[in-house]
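K.L.:
show me how the following folds:
(one chain, ligands or ions: 3)
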Amino acid sequence: MNDILQGINVYLIGMMGAGKTTVGRLVAQHLQYGFLDTDEVITKAAGKSINEIFVSVGEAEFRQVESDILGQICAYTKLAIATGGGIIMRRENWGYLRHGLVVWLDVPVDLLCSRLAEDTTRPLLQDANPQEKLRSLLEQRIPLYSQADLHITISEDETPESIAQRIMDAIPSVLKQDNSQN
Ligand SMILES: Nc1ncnc2c1ncn2[C@@H]1O[C@H](COP(=O)(O)OP(=O)(O)OP(=O)(O)O)[C@@H](O)[C@H]1O
Ligand SMILES: O=C(O)C1=C[C@@H](O)[C@@H](O)[C@H](O)C1
Ligand SMILES: [Mg+2]
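P.N.:
Numbers count the residues shown, from 1 in each chain. Ligands and ions are numbered 1, 2, ... in the order given. Sure thing, here's the model as predicted:
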C-alpha cells in the first residue's frame, strides 16, 4: 500500500469528534507513515489550548495559523494528517489538501454529540445548544466535506481499527491516475 501511495499524504477531514485524530493515528501505522494533527501542531507552537487561542486572538486568527501550518505540512511526504474540523472552509486550504488523498469521516450528529458530551476542549461547542450547533455547522460544511476523494460513512458501532481498515481497503479505488499506474 505504501508503494501504491508513493508517499502521498493522507488527510482526514470531518466534523469535531468524527475520529480524525483517533483513526488518523491508526492509518499512519498501517501505512508506516508519520502522524500529525494540525490542532496539536498549533497548540504546541502557541503554547495554548484551542480554547485559549480562540479567546485570546479569535477564530479568524486561528484559521490563518491553521492555513499557514497546513501550507508547511503539505511540503512533506509519508504523513497521515488529522485536520481541524473547519479546515475545509478556506479555499486556499484545498490547494494544500489536494496535494494528497483526502478522506472524509462522515459521522451522524447524534453520535458526534454522544462522543463530545463531556468534552470542553472544542470552543465552537461552548454553546447553549451544542447539538443544534453541530447540526448547523455540518449542514454548512457538507458541500465542502463532499469534495473529499474518499467518503467513509460511519455507523454507531464501528471501532476505530475497523474504520482504519476500511480506509486502507478503499484507498486503491480512489488513487489518482498517476499514482495508480506506477
Ligand atoms: N470509532 C470510534 N468509536 C468510539 N469512539 C470514538 C471513535 N472514534 C473516536 N472516538 C472518540 O470520540 C472522541 C473524539 O475523537 P477524535 O478526537 O479522534 O475526533 P476528531 O475528529 O479528531 O475531533 P476534532 O476535530 O475536534 O479534533 C474521542 O473521545 C475518541 O476517543
Ligand atoms: O470544527 C471546527 O471548526 C473545529 C474543530 C477542531 O478540530 C478545532 O480545530 C477547533 O475546535 C475548530
Ligand atoms: Mg482531532
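
K.L.:
got a list of contacts for the strand ranked longest in the chain?
P.N.:
Using DSSP state E to assign secondary structure, the strand with the most residues in the chain is strand 101-106. Applying Cβ atoms under 8 Å, 6 or more residues apart in numbering, the set of residues contacting strand 101-106 from outside is 5, 8-14, 18-20, 23, 27, 145-154, 163, 167, 171, 174-176. Backbone N, C-alpha and C define where each C-beta goes, glycine included.

K.L.:
from those residues, list just the buried residues.
P.N.:
Applying 16 or more other Cβ atoms under 10 Å to the contacts of strand 101-106, the neighbour count classes 5, 8-14, 18-20, 23, 27, 145, 148-152, 154, 163, 167, 171, 175 as buried.

K.L.:
among those residues, name the ones in helices.
P.N.:
Leu5, Lys20, Val23, Val27, Tyr145, Ile163, Ile167, Ile171 (DSSP state H).

K.L.:
need the max-distance pair from these.
P.N.:
The span of these, defined through Cβ to Cβ, is set by Leu5 and Tyr145 at 21.6 Å.

K.L.:
related to what we said a few turns ago, filter the ones in helices among the buried ones among the contacts of strand 101-106 by proximity to ligand 1?
P.N.:
Lys20, Ile163 (Cβ under 6 Å from any ligand atom).

K.L.:
can you put the ones in helices among the buried ones among the contacts of strand 101-106 in TSV and add distance to Ala82?
P.N.:
Converted to TSV, those look like this (distance: Cβ to Cβ, whole Å):
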residue	distance to Ala82
Leu5	17
Lys20	4
Val23	8
Val27	9
Tyr145	14
Ile163	13
Ile167	12
Ile171	16
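
K.L.:
next, Lys48: secondary structure please.
P.N.:
Following DSSP: H, G, I helix; E, B strand; the rest coil, we place Lys48 in the coil state.

K.L.:
number of nearby residues for the closest residue to Glu161 other than its chain neighbours?
P.N.:
Spatially, and ignoring its direct neighbours in sequence, Glu161 is nearest to Leu26 (6.1 Å; Cβ to Cβ, 6 or more residues apart in numbering). Residue crowding around Leu26 was assessed by other Cβ atoms under 10 Å; the count is 21.

K.L.:
list the contacts of Leu26.
P.N.:
Pro160, Glu161, Ile163, Ala164.

K.L.:
only C-alpha atoms, please: export the helix or strand where Asp3 lies in CSV.
P.N.:
Applying DSSP states H and E as the criterion places Asp3 in helix 2-5. Taking Å, rounded to 0.1, in the frame of the first residue of the first chain, the C-alpha atoms of helix 2-5 are listed here in CSV:
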residue,chain,number,x,y,z
ASN,A,2,2.8,2.3,0.9
ASP,A,3,4.2,1.6,-2.6
ILE,A,4,0.9,2.3,-4.3
LEU,A,5,0.5,5.6,-2.5
